Structures are given as structure tokens and as C-alpha cells.
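Student: please find the sequence and the predicted model below.
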Amino acid sequence: LANMPRRRGALIVFEGVDRSGKSTQTALLTQNLSSHQIPSILRRFPDRTSTTGALISSYLSSTSEPELSDEAIHLLFSANRWEAVKELEDALLNGTTVIVDRYAYSGVAYTAAKGLDLNWCKGPDKGLLTPDLVIYMEIPIEVAATRGGFGGERYEKIEFQEKVRGCFKQLKEQDPTWRVIDADRPVEEIQKDIVGTVLEVIERVKEMPIGHDLWS
Ligand code: NYM
Ligand code: MG
């Protein structure tokens, strides 16, 4: 028994611009995995419940001066991920699939969209847990903008989101583990594609070691 390879869970990341449908699809995915008897947890970044998360949440909701510099808030978003590593890794080792709504790619795309160097932006997240799959929710900004709630927080402006989308595109070209999903379709149709891909990945990685080498 000691020599038996232990099944681990898969780390599945969802990325995309604001209102691309990540939250809807990640919630549906956990329900569908559960109906396949596959244990999973859903986490989101920023995790607004931690100490760094509270700072981030106030930054996102306010436009008041003085405020954090672009570099400082970037590092806080990264710290917010680093503080979750142990919990995520323990879950994966236990055989639980971890679904995350945004990850380091959002970290890079939103800061690089402000004009900061893309490689500098990657620095703080180097060595983070490596996703087994990145699902990128591809959607035209005009479509995302018509969805409920767009415009409520900092960054939710059409011109800025276009820049974010361009930065995501650059990251995607550098990374073969991305799977691009057409997110401008009915919810159930999108979910069907996602479930198929995710089940394949869970099966493929179950005996592989967990990667700790994002961008390194
Ligand atoms: N965001 C999210 C960043 O700017 N950097 C990051 O590292 C992450 C994870 O936070 N507009 C931005 C993207 C979103 C905002 O995220 C809040 P959400 O998923 O809307 O709660
Ligand atoms: Mg948002």
C-alpha cells in the first residue's frame, strides 16, 4: 500500500477579463464534479477575507487619494496568493481538485495593462503552484460590458479592459497549457466544453507530482 501512487487533485485556473463568466462557470463546475463523485474546492483571487485581501478590496472599491502605488498593489495581489499556497497544496495532495477563479495571470495582465513591464510583473509570482490547466474565457469587451455589474469597481472601464485583454493574449502565446474557451455562448454550452476538458486533465495528472515552478 505504501508504494501505491496516491491520486492527487488537479489545479484548474480560470482567467479572463471582468464579466467574462468565470464565477458562473467555476460554480457550475464544482457542482458537476461533485455529481461525478470528484472532490473539489473553489477558491478565488483576490481572496478578500484575509488581511491583504481587505486592503485589496478597499483599493478596488475606492478611488480616493492618497493611494497605493501600482507596484505596491501588485505585490499585495501576489502576497494574497502566496498566503494560500499551503491550503491549496494540502487539498491537492489529499486528492481534491482545486478550482481557482483568477490567479497570477490576472495579476500580470491587470498591472501590465497600466504600462508596467510584463516580465517585472511576473517576478513576485515565480515559483507559485503551477496550474495543470488554465481555462481562458475569451469574450469581446463590448459583450462583457453589457453584462450586469460592469463598471462597479476600479478597472471596469472599456478602454482599460481592452488593454487587459491584450496582456492576457501575450501571456497565452507564451504558455501551451492554456485552453481558450469561447465565452460568448449559452452558459450550459460553455460548461459542457469545460467539464470535458477538466475531466481529462484530472485523469492525466493524477499520478504526476505537483509543480512549484510557475514562470521559473
Ligand atoms: N485583479 C485580480 C488584479 O488586478 N490583480 C490580481 O492579481 C487579481 C487576482 O481584481 N478587476 C483584479 C481583477 C478584477 C479585480 O477581481 C477583482 P474579481 O474577480 O472581480 O473579484
Ligand atoms: Mg470583478
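Tutor: Arrived safely, thanks for sending. Here the structure is a predicted model, which is why all the values come from computation and not from measurement. Residues are numbered from 1 along each chain as shown. Ligands and ions are numbered 1, 2, ... in the order given.

Student: every contact and neighbour count from this point should use C-alpha atoms.
Tutor: Noted.

Student: who in the chain is up against ligand 1?
Tutor: 18, 45, 46, 77, 102, 103, 104, 106, 107, 110, 155 (C-alpha under 6 Å from any ligand atom).

Student: in the host helix or strand of the fourth one, what counts as buried?
Tutor: The reference is to residue 77. Using DSSP states H and E, the element containing residue 77 is helix 70-82. Across helix 70-82, burial judged by 16 or more other C-alpha atoms under 10 Å covers 73, 74, 75, 76, 77, 78, 79, 80, 81.

Student: just how off-centre is the longest helix anywhere in the chain within its chain?
Tutor: Across the chain, the longest stretch assigned as helix under DSSP state H is helix 187-205. In terms of C-alpha atoms, centre = their mean, to the nearest Å, the centre of helix 187-205 is found 16 Å from the chain centre.

Student: who touches it?
Tutor: 8-10, 12, 25, 28-29, 32-33, 97, 132-133, 135, 181-183 (C-alpha atoms under 8 Å, 6 or more residues apart in numbering).

Student: now with 7 Å, please.
Tutor: The contact list for helix 187-205 (C-alpha atoms under 7 Å, 6 or more residues apart in numbering) reads 9, 10, 25, 29, 183.

Student: what's the local residue count around the residue of the chain found nearest ligand 1?
Tutor: Of the residues in the chain, the one nearest ligand 1 is residue 107, at a distance of 3.0 Å by C-alpha to the nearest ligand atom. Applying other C-alpha atoms under 10 Å, we find 23 residues neighbouring residue 107.

Student: before we move on, what about residue 117?
Tutor: Neighbours of residue 117 using other C-alpha under 10 Å come to 12.

Student: might you report the residue contacts of the residue most central in space within the chain?
Tutor: The residue lying closest to the centre of the chain (C-alpha atoms, centre = their mean) is residue 102, at 2.1 Å. By C-alpha under 7 Å, 6+ apart, the residues touching residue 102 are 13, 14, 15, 44, 45.

Student: columns neighbour count, secondary structure and pLDDT on top of those, output as JSON lines?
Tutor: JSON lines is the format used below for the contacts of residue 102 (neighbours: other C-alpha atoms under 10 Å; DSSP: H, G, I helix; E, B strand; the rest coil; pLDDT from 0 to 100):
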{"residue": "13", "neighbour count": "25", "secondary structure": "strand", "pLDDT": "98"}
{"residue": "14", "neighbour count": "25", "secondary structure": "strand", "pLDDT": "98"}
{"residue": "15", "neighbour count": "23", "secondary structure": "strand", "pLDDT": "98"}
{"residue": "44", "neighbour count": "16", "secondary structure": "strand", "pLDDT": "98"}
{"residue": "45", "neighbour count": "18", "secondary structure": "coil", "pLDDT": "98"}
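
Student: local confidence estimate at residue 176?
Tutor: You'll see residue 176 listed with a pLDDT of 85.

Student: what's the helix or strand for it?
Tutor: For residue 176, there is no enclosing helix or strand under DSSP H and E.

Student: residues making contact with stretch 129-148?
Tutor: Under the criterion C-alpha under 7 Å, 6+ apart, residues 10-16, 19-20, 158, 161-162, 177-184, 211-214 lie in contact with stretch 129-148.

Student: can you select the buried ones from those in PyMOL?
Tutor: The PyMOL command for the buried members of the contacts of stretch 129-148 (criterion: 16+ other C-alpha under 10 Å) is given here:
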select buried, resi 10+11+12+13+14+15+16+19+20+161+162+178+179+181+183
